[in-house]
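S.K.: Just need the structure, nothing else, for what follows:
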Amino acid sequence: MPLRNNVEVRAQRIILRVFSATDAREAFEAMTPSLSKFMSWEVPKTPADFEKVWKGWEENRKRELEIVFVIRDRKTQEFLGLVGLHRLTTAPRIGIWIKEVSHGRGYGKASVQAVIEWAAQELGIEQFSYSVAEENIASQRIAQSLGGVKNGYLVGSKYNAQIYKIMHHVPIFKEAL
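M.R.: Okay, the predicted model is just below:
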């Protein structure tokens, strides 16, 4: 199934929409060096540098390699962060960041859960990888709360990471007796 540019995923508190040029300013302004300390990438220095990044996301979506969503508050439409599903053709990997002023409010878990549900339903993906810096306890809790189990370890130049495997589980409904 082709990855459309108009995908919208609604959850109780958030809405995920495919990243577009109209989201670039808010996303760039929310990126900080301290936010990226647990990310594999560095914050782009200029909006033009960031444009190269998000145009790459668009191209990769068209090639069905990844999809990146903007996370917004469902009531206010406030920009909260980004969540992506990467490496779709090999080993689907979830990546997420929430802007610093919105940390600790459950948006990360809600976003990861929404991406998993969407990908299972729309793309038939049942297993996801979620790489988390060892020191990023909050992100480890997200993986664990969604049934993630440690499935590997990555030694990196920026940080070392735990790799979690998260399975999508289809709810089982019991017939009324």
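S.K.: Nearest residue to the middle of the chain?
M.R.: Taking CA atoms, centre = their mean as the criterion, Val83 is the residue nearest the geometric centre of the chain, at 2.4 Å.
S.K.: Ramachandran coordinates for that one?
M.R.: Main-chain torsions, Val83, degrees, to the nearest 10: phi -140, psi 140.
S.K.: where along the protein do the helices fall?
M.R.: Ranges of helices in the chain, per DSSP state H, are 24-30, 47-62, 107-118, 137-145.
S.K.: I'd like the ones you listed laid out as CSV, including mean pLDDT.
M.R.: Output for the helices of the chain, formatted as CSV (pLDDT from 0 to 100):
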stretch, mean pLDDT
helix 24-30, 96
helix 47-62, 95
helix 107-118, 95
helix 137-145, 93
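S.K.: out of those, which comes closest to Trp41?
M.R.: helix 47-62 (8.0 Å; CB to CB). Backbone N, C-alpha and C define where each C-beta goes, glycine included.
S.K.: Now do the closest one: which elements does it pack against?
M.R.: helix 24-30, strand 67-73 (3 or more CB pairs under 8 Å, 6 or more residues apart in numbering; DSSP states H and E).
S.K.: buried ones in the first one?
M.R.: If I follow you right, that is helix 24-30. By neighbour count on 16 or more other CB atoms under 10 Å, the buried set for helix 24-30 is 24, 27-28, 30.
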